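Q: this one's structure only:
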Ligand SMILES: O=C(O)c1[nH]c(=O)[nH]c(=O)c1I
């Protein structure tokens, strides 16, 4: 069985990669991902300047996943662009993703110009869905603002790019968002980011588990699987076929990854599981996905991608 997959002209020898924000803040962490069985990697969402992020505790493991309110801590765009430029020289056959999350239109455009003017030859993920910067609503939940950002961006940006979306929970929202996204030369849509602004409680102390925002943070892990499947499926049914899907959310084993691919995903990102198990998770996930494919009689991702059946 072969886990080879592609997005646009970019080829990957394995469908798995990290979700932005997980074990991808420093060059050391990024190198560990590069040396793992993952097919590629994405950097922590960058702002122009380095950010410390929210006060700790800002991440907690939960029974069925995780809660985080990191607050967009990162080393700044230059650091990740520098890593990417060095990486692509040393690994010409492994295209990587650079994630950006500007806190304003100006910042997003300034970072896009910097990338456009660079020799970066991988893919750019514009994160429209950070739920944890106090006072900053998620762009992905504001359709007019999303339209405006993408219009400004693609008035000059020519490198391969996609967007990271928050989860949507209403079919009219899928319709509206897809109608916006179909207007732009996007190579991919990555769905979903964490379930924004959840809350969990420490049973000993009756206190919210994390400090920022009174304990409100993005939920990941198994809790997210049914929402991730629906979002990938809904966009797969609505987007121009030129726009491919990256499936993120709820991957704990090979079957979860298989399901996201059935729903339409060309790549599968791993967050909470990677945070808890480390890069060796990719070795297990690869083994388990191959086993599911073997059971089903499939030898390639393309044999079953998007082939979810429904009851007639
Ligand atoms: O708090 C974060 O840094 C964060 N956390 C998330 O769960 N998703 C995001 O896109 C971001 I930028």
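A: Okay, I see it. For clarity, every value in this text was computed on a predicted model and none was experimentally measured.
Q: Report how many residues lie close to the spatially closest residue to residue 42 that is not a sequence neighbour.
A: Closest residue to residue 42 apart from its sequence neighbours, by C-beta to C-beta, 6 or more residues apart in numbering: residue 97 at 3.7 Å. No exception for glycine: its C-beta is placed from N, CA and C like everyone else's. The number of residues packed near residue 97 is 28, by other C-beta atoms under 10 Å.
Q: and what of residue 180?
A: Neighbours of residue 180 (other C-beta under 10 Å): 15.
Q: just residue 276 next, same as before
A: Each residue near residue 276 was counted by other C-beta under 10 Å, and the total is 14.
Q: Would you mind measuring from it to residue 201?
A: According to C-beta to C-beta, to the nearest Å, residue 276 stands 20 Å off from residue 201.
Q: likewise residue 227?
A: Residue 227 is 22 Å from residue 201, by C-beta to C-beta.
Q: more neighbours, these two?
A: Comparing residue 227 with residue 201 by neighbour count (other C-beta under 10 Å), the higher total belongs to residue 227, at 18 against 11.
Q: Secondary structure of the more buried one: a helix, I assume?
A: Yes: according to DSSP: H, G, I helix; E, B strand; the rest coil, residue 227 belongs to a helix.
Q: if I pick it, what's in contact with it?
A: Residue 227 sits next to 167, 169, 192, 195, 249, 250 when contact means C-beta atoms under 8 Å, 6 or more residues apart in numbering.
Q: can I get these in a markdown table with secondary structure, pLDDT and distance to the ligand?
A: Output for these, formatted as a markdown table (DSSP: H, G, I helix; E, B strand; the rest coil; pLDDT from 0 to 100; distance: C-beta to the nearest ligand atom, whole Å):
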| residue | secondary structure | pLDDT | distance to the ligand |
| --- | --- | --- | --- |
| 167 | coil | 98 | 11 |
| 169 | coil | 98 | 17 |
| 192 | coil | 98 | 10 |
| 195 | strand | 98 | 9 |
| 249 | coil | 98 | 11 |
| 250 | coil | 98 | 14 |
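Q: Check these for burial and list the buried ones.
A: Buried members of those, scored by 16 or more other C-beta atoms under 10 Å, are 167, 192, 195, 249, 250.
Q: What is the nearest of these to residue 53?
A: The nearest member of the buried ones among the contacts of residue 227 to residue 53, counting by C-beta to C-beta, is residue 195 at 19.4 Å.
Q: can I assume the closest one is in contact with residue 221?
A: No: under the criterion of C-beta atoms under 8 Å, residue 195 makes no contact with residue 221, lying 9.7 Å away.
Q: Tell me the residues of the stretch 51-200 of the chain that contact the ligand?
A: Proximity of the stretch 51-200 of the chain to the ligand, by C-beta under 6 Å from any ligand atom, involves residues 68-72, 101, 127, 129-132, 193-194.
Q: Which two of those residues have the greatest separation?
A: Greatest spacing in those, by C-beta to C-beta: 69 and 127 (15.4 Å).
Q: which one of these two has more residues nearby?
A: Legend: neighbour count by other C-beta under 10 Å for residue 69 and residue 127, higher for residue 69 (29 against 26).
Q: how close does the more buried one sit to residue 131?
A: 8 Å.
Q: Could you tell me which residues touch both of those two?
A: Common neighbours of residue 69 and residue 131, using C-beta under 8 Å, 6+ apart, are 217, 218.
Q: dump the residue contacts of the closest residue to residue 60 other than its chain neighbours.
A: Nearest residue to residue 60, sequence neighbours excluded (C-beta to C-beta, 6+ apart): residue 209, at 4.2 Å. Neighbouring residues of residue 209 by C-beta under 8 Å, 6+ apart: 57, 60, 62, 67, 200, 201, 202, 215.
Q: where in the stretch 101-250 of the chain is pLDDT low?
A: Judged by pLDDT under 70, the stretch 101-250 of the chain has no weakly predicted residues.
Q: And the buried ones among the contacts of residue 227, which is closest to residue 29?
A: Nearest member of the buried ones among the contacts of residue 227 to residue 29, counting by C-beta to C-beta, is residue 249, at 21.0 Å.
Q: Correct me if wrong: the closest one contacts residue 220.
A: Yes: with contact defined as C-beta under 8 Å, residue 249 reaches residue 220; the gap is 7.1 Å.
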